[in-house]
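Chemist: Need a 3D model of the sequence below.
(chains A and B)
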Amino acid sequence: MTDTQMLSREAAPLEEEACARAPVGLLAELTHRCPLQCPYCSNPTELERANTELSTADWQSVMRQAAELGILQIHLSGGEPTARRDLEEIVETAAKSGLYTNLITAGVLLSRERLEKLRDAGLDHVQLSIQDVDVENADRIGAYKGGAKKKHEVAGWVRELDMPLTVNAPIHRQNIENLPAIIDYAVDVGAGRLEVAHIQYYAWALKNRAALMPTKEAFMKTAEIVKEAKERLKGILVIDFVVPDYYAKYPKPCMGGWGRGIINVTPSGRVLPCHAAESLPGMQFDNVRDRPLADIWLNGSAFEKYRGTDWMKEPCRSCDRREIDFGGCRCQAFALTGDAANTDPACSLSPKHEEWAKVAEVESHKPAPEFVYRRMGKAANATSE
Amino acid sequence: MSETGKPGTAPPRTRLMISGDSVLKLPRHIKLKHDQGRGIWLILAPERVFEPDETSVEVLKLCDGERPVSAIAKVLADQFQAPVEVILADITEMLQDLADKGVVTS
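Modeler: Next up, the predicted model:
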């Protein structure tokens, strides 16, 4: 009897038919508004403003189209998705359309009553982020006083309401020492799953790389801690470990391959193959206001651009791993080599790899600079350049 | 270090160990469904989608919160005309894996 396999992470291609080629997940960035200002936010540095956001009806249409296309899971994210007062209506439409609904939240705006309403509207799962278990440090990282205490309360409500909980813990040099306590926290609050997510260095995190990058030794220690905890907590807590690719030998298959498993809709309705894709120049992104979601997914130029392997250059083109990691991340390739079709420098076969890996070595051993906090407009840029 | 507040309200947690007497069900947030577009069975779980094999699907359909694992083994032994001990050993292992992943619960 074979083990039950993960669908989204396996490399086997799906059949070449419309619905069989549907993405497994849709990341719905409902808004870029957020009360927190985490310096590693995965949102683009150019945040979209509230007056450009899709309407309730637009998002409900996206949910129905997603289900028709064959998408399975909706990740309701942001910014902070609970900043939208119509979240219940969006969740209800998604659930009624047969989608599995996942709320990715910082928690600080939630009340118990609202969480209950969301559950009753059909919300399947809550992913709650924490900045640290040390409350002062946590509130400093998120630049939100009282945040850590509130999050702990929210975690309790999720479990009281009998909903499954994932704790998401972004890990970096300013909280890495607390990993064992973070694992205990996840067990204590009743989470079924913990993401120990080393920061991925794009957008805001790339701006703050020197303030966030752990040393290789500190990273290796986290790998050991997670390995031990996984074994000890088998059947109690599932732990997912995301490694920082600066310390990896091969790149990660970003988004499980471009235009292959994930589709992302921004607050204003732009449809992206990945949440960082707007950092690439010369791309045309379609909007759900103008074109059906299925047509964008199957035929949109942004999705076609790096889908599959035809676009690859050497060393990817002839590499045995080309359908395992799909050449890594296009945004990282562009940011660090100037050409998005180059091999991701995270790959040891990239001519830029050594130079790139050295950056992590050097930055992680220097004193950490001040954070550039995530903010709308120019305030953030003023301190970084 | 200033740890956050009191521990959670959940009772002490232990690993569910599967035996022939275990009575299992799928928790509300786990969804077993046949996907028309892809033509396969899927298990939808928090931030995961699993693709169960045919046997797993048959077993999961029988995890109804009433019959014990030994009774499920009996049903499958009759259906596939195989020795019940072999089936029981196989599905116990499989269900342990699924329980560890949070797909089945007692």
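
Chemist: what's the neighbour count on the residue in chain B that chain A sits nearest to?
Modeler: Closest to chain A within chain B is residue B:37: 2.5 Å, counting by CB to the nearest CB. (C-beta placed from N, C-alpha, C; glycine too.) Each residue near residue B:37 was counted by other CB atoms under 10 Å in any protein chain shown, and the total is 18.

Chemist: go on, the one 10 residues further on?
Modeler: Look at residue B:47: counted by other CB under 10 Å, it has 21 neighbours.

Chemist: Can you list the low-confidence ranges for chain B?
Modeler: For chain B, residues meeting the criterion pLDDT under 70 lie at B:1-12.

Chemist: follow-up on the earlier one: which residue, other than its chain neighbours, is closest to the residue of chain B closest to chain A?
Modeler: Counting by CB to CB, 6 or more residues apart in numbering or on different chains, residue B:37 lies nearest to residue A:19, which is 2.5 Å off, once chain neighbours are set aside.

Chemist: Verify the contact between the one you found and residue A:72 for me.
Modeler: No: in this structure, residue A:19 is not within contact of residue A:72 by CB atoms under 8 Å, at 11.1 Å.

Chemist: more crowded one of those two?
Modeler: Taking other CB under 10 Å, residue A:19 and residue A:72 do not tie; residue A:72 has more neighbours (24 against 17).

Chemist: contacting residues around the more buried one?
Modeler: The contact partners of residue A:72, by CB atoms under 8 Å, 6 or more residues apart in numbering or on different chains, come to A:24, A:25, A:99, A:100, B:35, B:42, B:44, B:49.

Chemist: Residue A:63 too?
Modeler: A:74, A:90, A:93, A:94, A:97, A:99.

Chemist: Packing partners of the helix or strand harbouring the first one?
Modeler: Assigned by DSSP states H and E, residue A:74 falls within strand A:73-77. With contacts defined as 3 or more CB pairs under 8 Å, 6 or more residues apart in numbering or on different chains; DSSP states H and E, strand A:73-77 has these neighbours: strand A:25-29, helix A:87-96, strand A:100-105.

Chemist: Quick one, which of the ones you listed gets closest to residue A:266.
Modeler: Each of the helices and strands packed on strand A:73-77 was scored for nearness to residue A:266 using CB to CB, and the closest is strand A:25-29 (5.2 Å).

Chemist: need the helices for chain B, in chain order.
Modeler: In chain B, the helices defined using DSSP state H lie at B:54-62, B:69-80, B:84-100.

Chemist: Export the ones you listed to a markdown table and append columns for mean neighbour count.
Modeler: Written out in a markdown table, the entries for these read as follows (neighbours: other CB atoms under 10 Å in any protein chain shown):
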| stretch | mean neighbour count |
| --- | --- |
| helix B:54-62 | 18 |
| helix B:69-80 | 17 |
| helix B:84-100 | 18 |
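
Chemist: near chain B, which residues of the stretch 151-300 of chain A?
Modeler: Applying CB under 8 Å from any CB of the partner chain, we find that the stretch 151-300 of chain A lies next to chain B at A:151-153, A:155-156, A:159-160, A:162-164, A:166, A:178, A:181, A:185, A:187-190, A:192-193, A:234-236, A:238.
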